[in-house]
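Student: Below are the sequence and a predicted model for it; my questions follow.
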Amino acid sequence: MSSNMRGLTVFIADIRNCRVRELEEKRINKEMANIRAKFKDGNLNGYQKKKYVCKLLYMYILGWDIDFGHMEAVNLISSNKYSEKQIGYLGVTLLMHENNDLARLVINSIRKDLEELNEIYNCLALHAIANIGGREMAESLSFDVHRLLISPNSKSFVKKKAALTLLRLYRKHPDVIPATDWAERIIVLMDDTDLGVTLCVTSLVMALAQDNLEAYLGCYAKAVDRLTKIIVDKEYSLDYVYYKVPIPWLQIKLLRLLQYYPAPDDRNIRNKLHNVLQTIINNSQDAPKNVQHANAQNAVLFEAINLAIHLDCESQIVNQAAVLLGRFITSKETNVRYLGLETMSHLAACVDSLEPIKKHQDTILLSLKDKDISVRRRGLDLLYSMCDVTNAKAIVTELLRYLNIADYALREEMVLKIAILTERFATEYQWYVDIILQLLSTAGDHVGEVVWYRVVQIVVNNEELQEYAARTVLIHLRSPSCHENLVKVGGYILGEFGILIANISGASPMEQFNTLQSKFGMCSQPTKALLLTTYLKFINIFPEIKGEILSVFNRYRHVLDSELQQRAAEYMAIATMPADDLLQTVCEEMPPFPERESALLSRLHQKQSDTEDKRTWVIGGKDINKDRDTVRFSTLGSRSNSTDSKSKNETVSNGNNNNGNGELDFLHDLEGLDLSGQNGHATTSKPLPAGFITPGSERWFGKLLYNMEGVLFVDSQLQIGIKSEYHGHLGRFALYFKNKTQTTITSFTTVIEHVKNLLITTPQQPATLISPSGQIQQLFHIECQNLFNETPNIRISFISGTLHTIVLKLPIVLTKFMEPIELNGPEFFTRWKQIGGGSREKQTILQSNVPIDLQGLHSMISGFRYGILKGVDPNPYNIVGAGVLHTAQGGMIGCLMRLEPNVEAQMYRLTVRTTNESVTNKICVLMEPQLTNNSS
């Protein structure tokens, strides 16, 4: 840059030659005056503006205030020369903050550069947006940034910068970014062939998914698939191998992303994850070649262990990891010890049994004396998480001992954790009181108000604790070095329960008063106010020391502090009244506090959230994390075996056309289905509302209710066929997808929405590409667990120029799980009578919209899985059928039907009887529309 601008080179040399600040300031002022004069005169060409703006930027970087030249920098952005535009953007980025009024002037120029076909200009604009990042800029330009990100014409390096720019804008102004609307399109980019793009998009998805779990559910399967390709299949570019570890940054982000969601139900996904995690564990056994290799390997390993703990803390992989963690916390490397302690804290926060962790208790206690404060902090977290009734006394005692020498940065957190552990795992009230009072004596400066409030609440609510607490606190108050927080606790407890120890030697009323009064002079105003209230209570319960206390009240009636003066005056007036009624009313014993959650926990969690990044677990026991997960995942519902989920309760499927086991042999003839000549419609790439079904798709749905194969959908992009077979409560079907375009379809995914009591899984890895005029098939397994009312929807997304989304109803209904049976006349009528009428029978008279085809009727009834019984009905035109509906958990349900067609009148009378009322109604609902419009 400076080689083309000799004046800038000379100026920089002059500044460097200045030996003292005065000379530098003189040279700077001279140059500023010159530049100001040049700008004022105007008539500068682009080169001159660039040179002078560069000089201003150099001065700014040196720390000098620059209050002019901003408009010149803004004007340079509009230049058609790259060097001038670059300096303009640099000037705007450095000299303007997000609330600068001049920032509004550059929005249109930035938008113009975002719309340019020049990738370099795109990148300069993205840099400026990310660095300035004001709300107005986010509102005006976020959609342009998103367009660059999703555009198929954008270069990889532009997509990377666009993703990171959106991430920056979302972190600063999350309400401006329509995260849920963009979810599907952003998730698709995780399949990008460029690992750099995948890395940047994954960073963006991680931030968006934390706040929009349901909308970004589809990232789960893509993360698993990408991890499988990198770790198991070793599909990656050598450019991204860092010291023999393939793209560790992406691995870590994907492993962390998976921890935002509950463990998957789909066996295929679980198996993939198990293979990924096991491979990472196995790879960690290799001796690292150097420090960089060890760092990358350990970073991936610890994140994998965290994911394994999140998925199933009792799994075999976690057991292996527990052994590794025991070795890591004794490592000589500080980073390894830190990660080992943190990961073991995660394990302790989730596992049912703490015994494997307790084996390392001595080592963990030693970590409190580590030379690195971050390791000491992680050791404290782990001790807090692994504490239970069996080891509470040992851990609390050790923490109290360490508290005396602990760093000041750790002491407040240690006090909170000691107080919580003492309260949570105390088996003896005396031990609780001893520990808390010792804590107040040892670290009084670091004991917040919330700690001694909680002590008072527990003592007041537990009658058997009150006498011991009063006696013990009096002993502590007599210590020469008694902290003010202990005086507060002592004043409150003795004022309420001092009467319980008044007859004990050394605890007479006068001795209690003298002990408190000896601390009075050194206390702050709020503590003195509390002690004055205690003295008033002493007058009520110990009238024999009234004179000594009144002298104190009288003295403090004349102090300058208004609060103390008012209290002393009012208490004096109450105590000197002829009657004691008001005194006794005012000084009544405090009632028990209402039971509520300890404020210590909320204070501790607030402290953690103030200082730490978002994590998927909190320091503490399993119960805390279980409740937290319940709240986090409450919006997700139950996922039905998803391998790639895009919305609430969805199951993904899509894949290859053979699994090597002959499962798809019966599907091969599906490729011969005649899907030509069908008129379709274009799908939309806009966000789809809940319950949306692609318009026009119902035309194929009705016939497939009683046919096992046929066309499911056709439009200008895609042809979809289906073939299925059912046996009892089990079934399987294949979907056939054909690309009708002359371009490759990419990012192809299918998602099946979860339906209660209907389990749909896919045994194969999805295929994401369909070549021009090519086809793929995908197999699904179905299990009818119990009666279900809804029809599952399949959501198909793909990119063919733009993002297309198709939502279809799958022809999976109750009747598919019926098995036809053969009955003779007497058997049929016997069962007909056994079922009876009433709610188990439904009879409907229908008007057909088309001429009745008797042969077609037989095919339809057979398609609804009824066995047609011949010779049962005396009228040969009537159709009688029988079948048994199979469910895995609800047993078998008998189904009988009789259809009486009137060909001349084009009418039917349909009678259905089943052993279940809801099944009767459901069968009628399915059959009636098909009979009305029968074109079989």
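Tutor: Structure's in. What do you need? Residues are numbered from 1 along each chain as shown.

Student: Enumerate every residue touching Phe798.
Tutor: Counting by Cβ atoms under 8 Å, 6 or more residues apart in numbering, Phe798 makes contact with 717-718, 745-749, 770, 804. In short, each C-beta sits where N, CA and C put it, glycine included.

Student: and it, which of the three is it?
Tutor: Look at Phe798: counting by DSSP: H, G, I helix; E, B strand; the rest coil, its state is strand.

Student: Can you pick out the ones from the contacts of Phe798 that are in helices?
Tutor: Nothing among those maps onto helices, per DSSP state H.

Student: neighbours around His754, how many?
Tutor: 23 (other Cβ atoms under 10 Å).

Student: any low-confidence regions in the stretch 751-900 of the chain?
Tutor: 765-766 (pLDDT under 70).

Student: Is Ala734 located within a strand, as I assumed?
Tutor: Yes - assessed by three-state DSSP, Ala734 belongs to a strand.

Student: For it, name its beta-bridge partners.
Tutor: Lys723, Leu779 (DSSP bridges).

Student: hang on, isn't it packed against Ile776?
Tutor: No - taking contacts as Cβ atoms under 8 Å, Ala734 lies outside contact range of Ile776: 10.4 Å.

Student: what secondary structure does Glu783 sit in?
Tutor: Classified using three-state DSSP, Glu783 is strand.

Student: ok, what's across the strand from it?
Tutor: Applying DSSP bridges, one finds that Glu783 bridges with Leu730, Leu759.

Student: Enumerate every residue touching it.
Tutor: 729-731, 758-759, 888.

Student: now the stretch 501-650 of the chain, which segments are flagged as low pLDDT?
Tutor: Ranges of the stretch 501-650 of the chain meeting pLDDT under 70: 595-618, 620-650.

Student: residue ranges of the helices in it, please?
Tutor: For the stretch 501-650 of the chain, helices defined by DSSP state H, counting those that start in this stretch occupy the ranges 509-520, 525-541, 546-556, 562-575, 581-586, 599-611, 622-632.

Student: could I get the ones you listed as CSV with mean neighbour count and distance to Glu423?
Tutor: Formatted as CSV, the helices of the stretch 501-650 of the chain follow (neighbours: other Cβ atoms under 10 Å; distance: least, Cβ to Cβ, whole Å):
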stretch, mean neighbour count, distance to Glu423
helix 509-520, 18, 26
helix 525-541, 20, 23
helix 546-556, 16, 34
helix 562-575, 17, 32
helix 581-586, 12, 31
helix 599-611, 14, 7
helix 622-632, 13, 14
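
Student: JSON lines for these, including distance to Leu57?
Tutor: Formatted as JSON lines, the helices of the stretch 501-650 of the chain follow (distance: least, Cβ to Cβ, whole Å):
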{"stretch": "helix 509-520", "distance to Leu57": "62"}
{"stretch": "helix 525-541", "distance to Leu57": "54"}
{"stretch": "helix 546-556", "distance to Leu57": "65"}
{"stretch": "helix 562-575", "distance to Leu57": "57"}
{"stretch": "helix 581-586", "distance to Leu57": "71"}
{"stretch": "helix 599-611", "distance to Leu57": "35"}
{"stretch": "helix 622-632", "distance to Leu57": "46"}
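
Student: List just the one of the ones you listed that sits closest to Leu102.
Tutor: Among the helices of the stretch 501-650 of the chain, helix 599-611 comes nearest to Leu102, with 34.6 Å by Cβ to Cβ.

Student: doesn't Lys809 make contact with Phe701?
Tutor: Yes - using Cβ under 8 Å, Phe701 is in contact with Lys809, at 5.2 Å.

Student: Which residue of the two possesses the greater neighbour count?
Tutor: Using other Cβ under 10 Å, the more surrounded residue of Phe701 and Lys809 is Lys809, with 21 against 16.

Student: mind listing what the more buried one touches?
Tutor: Counting by Cβ under 8 Å, 6+ apart, the residues that Lys809 touches are 693, 697-698, 701, 791-794.

Student: Report the buried members of these.
Tutor: By neighbour count, with 16 or more other Cβ atoms under 10 Å, the contacts of Lys809 hold 697, 701, 791-794 as buried.

Student: Next, give me the two most distant ones among the residues you listed.
Tutor: Ser697 and Pro792 (13.8 Å).

Student: name the helices or strands packed onto the longest strand along the chain?
Tutor: Counting residues, the longest strand found in the chain (DSSP state E) is strand 891-902. Strand 891-902 sits against helix 825-835, helix 854-863, strand 879-887, strand 907-914, helix 917-932, with contacts defined as 3 or more Cβ pairs under 8 Å, 6 or more residues apart in numbering; DSSP states H and E.

Student: out of those, which comes closest to Leu365?
Tutor: Proximity to Leu365 (Cβ to Cβ) singles out strand 879-887 among the helices and strands packed on strand 891-902, at 56.5 Å.

Student: I'd like the distance from the closest one to the chain centre, please.
Tutor: 46 Å (Cα atoms, centre = their mean, to the nearest Å).

Student: Which residues are in contact with Arg913?
Tutor: Arg913 touches 832, 835-837, 840-841, 895-897, 920, counting by Cβ under 8 Å, 6+ apart.

Student: List just the nearest of those to Phe11.
Tutor: Thr920 (92.3 Å).

Student: That closest one and Gly838 touch, don't they?
Tutor: No - counting by Cβ under 8 Å, Thr920 stays clear of Gly838, with 10.1 Å between them.

Student: of those two, who's got more company?
Tutor: Using other Cβ under 10 Å, the more surrounded residue of Thr920 and Gly838 is Thr920, with 22 against 8.

Student: any idea how far Val205 is from Trp182?
Tutor: According to Cβ to Cβ, to the nearest Å, Val205 stands 11 Å off from Trp182.

Student: More neighbours: the two, which one.
Tutor: Val205 (29 against 22).

Student: hang on, that one in a helix?
Tutor: Yes - assessed with three-state DSSP, Val205 lies in a helix.

Student: any idea of the pLDDT on it?
Tutor: Per-residue pLDDT puts Val205 at 94.

Student: can you tell me which residues contact it?
Tutor: Counting by Cβ under 8 Å, 6+ apart, Val205 has contacts 186-187, 190, 216, 219, 257.

Student: Generate a PyMOL selection restricted to the buried subset of the residues you listed.
Tutor: Buried residues among those (16+ other Cβ under 10 Å), as a PyMOL selection:
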select buried, resi 186+187+190+216+219+257
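
Student: Can you list which of the contacts of Val205 are found in helices?
Tutor: 186-187, 219, 257.

Student: so which of these would you say is closest to Ile845?
Tutor: After measuring these against Ile845 - Cβ to Cβ - the closest member comes out as Ile187, at 50.5 Å.

Student: related to what we said a few turns ago, now list the buried members of the contacts of Arg913.
Tutor: By 16+ other Cβ under 10 Å, these give 832, 835, 840-841, 895-897, 920 as buried.

Student: what's the distance between Lys272 and Thr279?
Tutor: Counting by Cβ to Cβ, the gap from Lys272 to Thr279 is 11 Å.

Student: the more surrounded of those two?
Tutor: Taking other Cβ under 10 Å, Lys272 and Thr279 do not tie; Lys272 has more neighbours (20 against 16).

Student: Next up, the contacts around that one.
Tutor: Counting by Cβ under 8 Å, 6+ apart, Lys272 has contacts 224-225, 227-228.
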